[in-house]
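**Q** I would like to see how this sequence folds:
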Amino acid sequence: MNDSPLKILFADDDATYSLFLKRFLEKAGYEVVHVPDGKQALEQFRLCRPDLVLLDINMPEINGFEVARQIRSWDKKVLLFFLSDRTEISDRLKGFSLKGNDYIPKPFYPEELLAKIEERFADSTGEDNPHYQASHTLFSPETNELTVCGTAHTVTSRQAEILTLLFQNINQTVYREDILTHVWGNDSYANSLALNVQISYLRHYLKDDSGIRIESIKKKGYVLRTVSPE
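**A** Here you go, the predicted structure:
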């Protein structure tokens, strides 16, 4: 394992089983945050920013499918495994339709889960410095560097988080509430005003010949749109 352990968010309401699996994964070198319901899973996701989410489906407060839907609206790349005793094909298909990376039916051997986790992490470490490119614009979320027509700008961490969400959903609407919750933790009025300011800064960087623009979608949110040359 690396010096900085990979972080797992584990959501399951079976206390005895969860404690056993948590200890097993920690012995394998992972940092594990366990929560007993879907509401806390969403709260902890924003706080701990895990590398992998393990989700039971039948949980109190919010079920695993809804947790996955909200997580995917914020983060398209985090690894997400469903762990469930619901083995019907309709449930499995729903899990994958929500962009789950795996669906592991209970009961399973902990060693089987560990093997799948290690395989996925091995596959996801091939690119040390991921970046997004559209037209004349290049964005590196690792360094907060936005390069437009060869001119480099360093954006703030919040601006980088907003841009990452927009690039992950390029040419698709990203809902205002999802941006606010992902970047600031809640959609308060003060944070909404702050989002307006950050969007203005980003639009300033992307003006002229960037080849992309941030459009406002009334009463919904924003879309990062590629612009056809005139």
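**Q** which of the residues in the longest helix seen in the chain are buried?
**A** Counting by DSSP state H, the longest helix found in the chain is helix 189-205. Within helix 189-205, the residues scored as buried using 16 or more other CB atoms under 10 Å are 191, 195, 198-199, 202, 205. C-beta: built from backbone N, CA, C; applies to glycine.
**Q** same check, this time on stretch 150-164
**A** So for stretch 150-164, counting by 16+ other CB under 10 Å, buried means 153, 155, 159-164.
**Q** could you dump those to JSON lines with pLDDT, secondary structure and distance to Asn58?
**A** As requested, the buried residues of stretch 150-164 are exported to JSON lines (pLDDT from 0 to 100; DSSP: H, G, I helix; E, B strand; the rest coil; distance: CB to CB, whole Å):
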{"residue": "His153", "pLDDT": "88", "secondary structure": "strand", "distance to Asn58": "47"}
{"residue": "Val155", "pLDDT": "91", "secondary structure": "coil", "distance to Asn58": "41"}
{"residue": "Gln159", "pLDDT": "92", "secondary structure": "helix", "distance to Asn58": "39"}
{"residue": "Ala160", "pLDDT": "91", "secondary structure": "helix", "distance to Asn58": "36"}
{"residue": "Glu161", "pLDDT": "90", "secondary structure": "helix", "distance to Asn58": "32"}
{"residue": "Ile162", "pLDDT": "93", "secondary structure": "helix", "distance to Asn58": "34"}
{"residue": "Leu163", "pLDDT": "93", "secondary structure": "helix", "distance to Asn58": "36"}
{"residue": "Thr164", "pLDDT": "89", "secondary structure": "helix", "distance to Asn58": "32"}
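**Q** give me the beta-bridge partners of Ser140?
**A** For Ser140, the beta-bridge partners under DSSP bridges are Glu145.
**Q** how many neighbours does it have?
**A** Using other CB atoms under 10 Å, Ser140 has 16 other residues around it.
**Q** ditto for Leu166
**A** Leu166: 24 neighbours (other CB under 10 Å).
**Q** leaving out the residues flanking it, which one is nearest to it?
**A** Distances taken as CB to CB, 6 or more residues apart in numbering place Leu224 nearest to Leu166, at 3.8 Å, with adjacent residues excluded.
**Q** quick check: that neighbour touching Asn169?
**A** Yes: applying CB atoms under 8 Å, one finds Leu224 in contact with Asn169, separated by 7.4 Å.
**Q** quick check: which element contains the residue nearest to Leu166?
**A** If you go by DSSP states H and E, Leu224 is part of strand 221-226.
**Q** let me see the mean pLDDT of the longest helix of the chain.
**A** Averaged across helix 189-205, the pLDDT comes to 92.
**Q** coming back round to it: show me what the residue nearest to Leu166 is bridged to.
**A** Ile214.
**Q** also Leu79?
**A** Residues in beta-bridge contact with Leu79 (DSSP bridges): Leu52.
**Q** verify the stated contact: it with Leu54.
**A** No: here Leu79 lies out of contact with Leu54, judged by CB under 8 Å, at a distance of 9.3 Å.
**Q** who are the contact partners of the residue nearest the centre of the chain?
**A** Per CA atoms, centre = their mean, the C-alpha nearest to the average position across the chain is that of Asp75, at 1.9 Å. Residues near Asp75 by CB atoms under 8 Å, 6 or more residues apart in numbering: 168, 182.
**Q** do the same with the one 3 residues further on
**A** Val78 makes contact with 50-53, 71 under the criterion CB under 8 Å, 6+ apart.
**Q** perfect, that will be all.
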